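>>> A predicted structure for the sequence below; I have some questions about it.
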Amino acid sequence: MPLAVRRTLFATCVTSLAALGVAAAAGAGNGGFLPASPHSPNAHRITQSFIFVTIFTGAIFLLVEGALIAFVIKYRRGKRPATAEGPQIHGATRLEIIWTVIPVVILAVIGAFIFYKLPGITDTPKAKAADETTIQVEGHQFYWLFRYPNGAISINRMVAPANQVVKEDVIGLDWDVNHSWWVPELGGKFDAIPGRVNHTWFEAPAGDYVARCAELCGIQHALMDGNVQVVPRSDYDRFIATRASAAGTHNLGREEWQGVCESCHRLDHKYIGPALGGNPLLADPKALGTLLRTGQGQMPAVGRNWTSHQINALVDYTKKFAKSGG
Ligand code: CUA
């Protein structure tokens, strides 16, 4: 290959790679290369740790790759014969000590910073009982179910009080599969492992935060998302009181239909499962309850631990579909 062509090819490759890297970084922005902007003290500390580690790894990356490229250019063969050998070097004690000590120091600094931040990430802050709420987070194929202290239930949408410590018990049901509860703006991932309970927490200002299942849990894993609505304490209290009363039944039923049934069913056409419009089961609490609690064929027992209140709430919402045919 003529030298001019080789030079052009090399320059094109370097420029393209650099452009690709810069464009990716610019395009990714927040939520891409960087964690989502944190809204809870533990999430803040996770982001700080991420940035701290990235400074070191970024500098090392630039140093190593930069040196590699510079050396490739500076020591290229040029006019020397292909068989020419470079000078043979054995041992360089000072150099070896330097390249051992520097990484050790870097790792020690990173380790010290992380261990300094860790308690603030994992430990729930001390709060007065009145300023503390525990919400149970149950992972199901393929929805999130939230239980509040007064027994109220919601699906795929957690409502939580603002600026107070909210403890989360992340529960894996022993007949289900692994899921992972993740609200990027409110902290790290916590696995819902069958038969176990994991604990985490957040303390966030009012706002709407996206939640995800971060563990591949089956064909509808991608649909297993939701949100955390953080609202003033009085709104939260009103929400759970209403939801636990007869007035909240219809909304619970709607959430069950949209969050659970619609993961696999539509009224008017076959989706993952058969079309449901006009199916008399939708108006029959007994038959529907049996189906949800035991499953059938391809359909898992999505409502295995549902109470009759939950079944009735669903039927209260779906009975209209049994007649209308969609
Ligand atoms: Cu649950 Cu992915």
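Received, thanks.
>>> what are the boundaries of the helices in the stretch 1-150 of the chain?
Using DSSP state H, counting those that start in this stretch, the helices of the stretch 1-150 of the chain run over 3-28, 41-74, 93-122.
>>> report the rounded mean pLDDT for the shortest one.
If I follow you right, that is helix 3-28. Averaged over helix 3-28, pLDDT sits at 83.
>>> nearest residue to the middle of the chain?
In the chain, the residue lying closest to the centroid (Cα atoms, centre = their mean) is Trp182, at 3.5 Å.
>>> and the helix or strand bottoming out on mean pLDDT in the chain with helix 41-74, angle?
Every helix and strand of the chain was ranked by mean pLDDT, DSSP states H and E. The lowest is helix 3-28, at a mean of 83. Counting by axes from the mean of the first three to the mean of the last three Cα atoms, to 10 degrees, helix 3-28 lies at 180 degrees to helix 41-74.
>>> helix/strand/coil for the nearest residue to Ala287 once chain neighbours are set aside?
Spatial nearest neighbour of Ala287, excluding adjacent residues (Cβ to Cβ, 6 or more residues apart in numbering): Leu281 at 5.3 Å. For every residue, glycine as well, the C-beta is placed using N, CA and C. Under the three-state scheme (DSSP: H, G, I helix; E, B strand; the rest coil), Leu281 adopts helix.
>>> which bits of the chain sit near the ligand?
Gly139, His179, Cys213, Glu215, Leu216, Cys217, His221, Met224 (Cβ under 6 Å from any ligand atom).
>>> include distance to Val165 and mean neighbour count when you put the helices of the stretch 1-150 of the chain into TSV, please.
What follows is those, written out as TSV (distance: least, Cβ to Cβ, whole Å; neighbours: other Cβ atoms under 10 Å):
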stretch	distance to Val165	mean neighbour count
helix 3-28	32	10
helix 41-74	10	13
helix 93-122	13	11
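>>> would you quantify the distance from the residue of the chain most remote from its centre to the ligand?
In the chain, the residue that sits farthest from the middle, by Cα atoms, centre = their mean, is Pro81; the gap is 56.0 Å. Counting by Cβ to the nearest ligand atom, to the nearest Å, the separation of Pro81 from the ligand is 60 Å.
>>> check Ala67 too.
According to Cβ to the nearest ligand atom, Ala67 stands 42 Å off from the ligand.
>>> phi, psi of the residue of the stretch 51-200 of the chain found nearest the ligand?
The stretch 51-200 of the chain approaches the ligand most closely through His179 (3.5 Å), counting by Cβ to the nearest ligand atom. When read as degrees, to the nearest 10, the backbone of His179 gives phi -130, psi 170.
>>> wait, the residue nearest to Ala287 touches Leu288, no?
Yes. At 5.2 Å, Leu281 counts as touching Leu288 under the criterion of Cβ atoms under 8 Å.
>>> where in this protein is pLDDT low?
Applying pLDDT under 70 to the chain flags the ranges 26-32, 324-326.
>>> at 80 instead, please
1, 22-34, 127-131, 324-326 (pLDDT under 80).
>>> re the thing from before, now the helices of the stretch 1-150 of the chain in a markdown table, with distance to Thr249?
Below are the helices of the stretch 1-150 of the chain laid out as a markdown table (distance: least, Cβ to Cβ, whole Å):
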| stretch | distance to Thr249 |
| --- | --- |
| helix 3-28 | 44 |
| helix 41-74 | 35 |
| helix 93-122 | 38 |
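>>> next one: the host helix or strand of Lys323 to chain centre, how far?
Using DSSP states H and E, Lys323 maps to helix 308-324. Taking Cα atoms, centre = their mean, to the nearest Å, one finds helix 308-324 lying 32 Å from the centre of the chain it belongs to.
>>> now do the buried residues in it.
Gln310, Ile311, Asn312, Ala313, Leu314, Val315, Asp316, Tyr317, Thr318, Lys319, Phe321, Ala322 (16 or more other Cβ atoms under 10 Å).
>>> just give me the closest of those to Ser49.
Taking Cβ to Cβ as the measure, Ser49 sits nearest to Gln310 out of the buried residues of helix 308-324, at 40.2 Å.
>>> surely that closest one touches Ile153?
Yes. The pair formed by Gln310 and Ile153 meets the contact definition of Cβ under 8 Å, at 6.7 Å.
>>> what do these two both touch?
Leu252 (Cβ atoms under 8 Å, 6 or more residues apart in numbering).
>>> OK, contacts around Gly303?
Val260, Gly289, Leu292, Arg293, Gln310, Ile311.
>>> how about the last one: what's its closest non-neighbour residue?
Here the nearest residue to Ile311 in space, its sequence neighbours aside, is Gly289; by Cβ to Cβ, 6+ apart that works out to 4.2 Å.
>>> great, nothing more from me.
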